[in-house]
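A.B. asks: need the 3D shape of this:
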Amino acid sequence: MENLAKGGLLDLSPETAEKVDNARVGAISRVITDDEIQDFISKKELSDNVIDTNISELNNHIIQRSKPITKGYSPALRSYEGMVITEYAKTANQKQQEHEEKTSAVLDRNSIVADKAMLKANFSNFKYSTPEEKAALKKACEIARRYLEGEEFNTIFKGEAGAGKSHLAMAIAQWVNDQARQRRVNKRILFLDVNEMFRKLKAGFNKPHTYWTEENVMTLIRSADLVILDDLGSESSFNGKQATEYVQQFLFAIVNAHHSIITTTNLDDPGTVYNPKIVSRLKRNSKDSVINFNGIEDKR
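C.D. replies: Residues are numbered from 1 along each chain as shown. A predicted model of the protein is given here:
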């Protein structure tokens with residue numbers, strides 16, 4: 001510092017040289033009393049010369065640690081061939097947030113529902129007063145636990161409109177989603193109102209920049225761990241006829257791509273509307289996971 005102040009690289013006035021010297025003394029004081037810095041020096045076995053050369057960077061690290069310049073990232077010291085630098089690494093909270101964006105956030109962000117209130121359906125707010133309704137709730141809870149543990153199987157909720165099929169299907173989705181998030185395991189769950197899904201797809205046929213394309217929807221489905229196809233048959237029953245070839249082909253692609261699907265339907269016999277291959281795949285591994293809602297009163 002003495003050489004620098006007296007005609008070395010810089011020509012400093014005595015007052016400025018004193019300020020620079022005082023600043024360096026302050027930096028050294030902070031560095032030698034900082035536990036993290038001392039641990040870093042010890043682990044990296046930094047020589048006195050390297051420490052002296054990098055006092056400014058070590059001091060800057062202390063400042064950046066107290067006032068991070070990037071949200072979700074914290075400064076971390078690194079040493080390379082005698083140089084000490086500060087790099088930013090993701091915090092644990094940031095990593096968890098990004099994990100949730102890729103997993104548990106999928107249900108709210110990417111699901112297709114005609115009524116957003118459906119996203120609030122859960123086991124707690126399912127109203128039941130009859131033995132049949134209580135049995136349906138109990139069975140749905142058992143199915144949810146199996147999905148959480150990673151079993152791959154299909155589920156079918158069938159029966160009259162308004163009996164609570166969609167509510168319990170969403171309740172399973174919400175419960176598995178919440179439990180997976182708490183356990184920090186990877187679970188992506190997708191709830192698809194079938195009629196609304198096809199409405200969005202058809203609306204985007206002549207719109208090159210629409211998000212709801214067959215490719216995007218299939219990407220979401222393939223990446224999901226559990227898919228709910230809600231109100232299957234409504235897209236065809238409105239017309240009172242068999243599903244169109246386009247609908248058949250797209251549904252076949254879905255059931256071929258996934259091994260854990262919950263289907264809700266008002267149809268007594270889906271085979272009258274859909275190709276037998278689609279129906280067969282929807283029933284695959286569903287022996288112990290079928291709930292019949294016939295006889296349950298309309299809750300709407």
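
A.B. asks: buried residues in stretch 59-66, which are they?
C.D. replies: Buried positions in stretch 59-66, judged by neighbour count with 16 or more other C-beta atoms under 10 Å: N59, N60, H61, I62, R65. Just so you know, the C-beta spots here come from the backbone N, C-alpha and C atoms, and that holds for glycine as well.

A.B. asks: in what helix or strand does the last one lie?
C.D. replies: Yep, that's R65 we're talking about. Secondary structure from DSSP states H and E places R65 in helix 55-66.

A.B. asks: measure A117 to N60 for me?
C.D. replies: A117 is 52 Å from N60, where distance means C-beta to C-beta, to the nearest Å.

A.B. asks: where does pLDDT dip in the stretch 51-200 of the chain?
C.D. replies: 68-70, 93-103 (pLDDT under 70).

A.B. asks: what are the boundaries of the strands in it?
C.D. replies: 73-80, 83-90, 155-158, 189-193 (DSSP state E, counting those that start in this stretch).

A.B. asks: got those strands as JSON lines, with distance to R181 and mean neighbour count columns?
C.D. replies: Formatted as JSON lines, these follow (distance: least, C-beta to C-beta, whole Å; neighbours: other C-beta atoms under 10 Å):
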{"stretch": "strand 73-80", "distance to R181": "22", "mean neighbour count": "15"}
{"stretch": "strand 83-90", "distance to R181": "18", "mean neighbour count": "14"}
{"stretch": "strand 155-158", "distance to R181": "21", "mean neighbour count": "24"}
{"stretch": "strand 189-193", "distance to R181": "11", "mean neighbour count": "25"}
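
A.B. asks: and of those, who's closest to L148?
C.D. replies: strand 189-193 (10.5 Å; C-beta to C-beta).

A.B. asks: mind giving me the packing neighbours of that closest one?
C.D. replies: Helices and strands touching strand 189-193, by 3 or more C-beta pairs under 8 Å, 6 or more residues apart in numbering; DSSP states H and E, are helix 106-110, helix 165-183, helix 214-223, strand 226-232.

A.B. asks: and for the residue nearest to W212 when sequence neighbours are not counted, the neighbour number?
C.D. replies: Residue nearest to W212 in three dimensions, not counting chain neighbours: K200, with 4.0 Å by C-beta to C-beta, 6 or more residues apart in numbering. K200 has 16 neighbours, counted by other C-beta atoms under 10 Å.

A.B. asks: ok, N154 next?
C.D. replies: 22.

A.B. asks: do the one 5 residues further on as well
C.D. replies: As a burial measure, G159 scores 21 neighbours (other C-beta under 10 Å).

A.B. asks: perfect, I'm done here.
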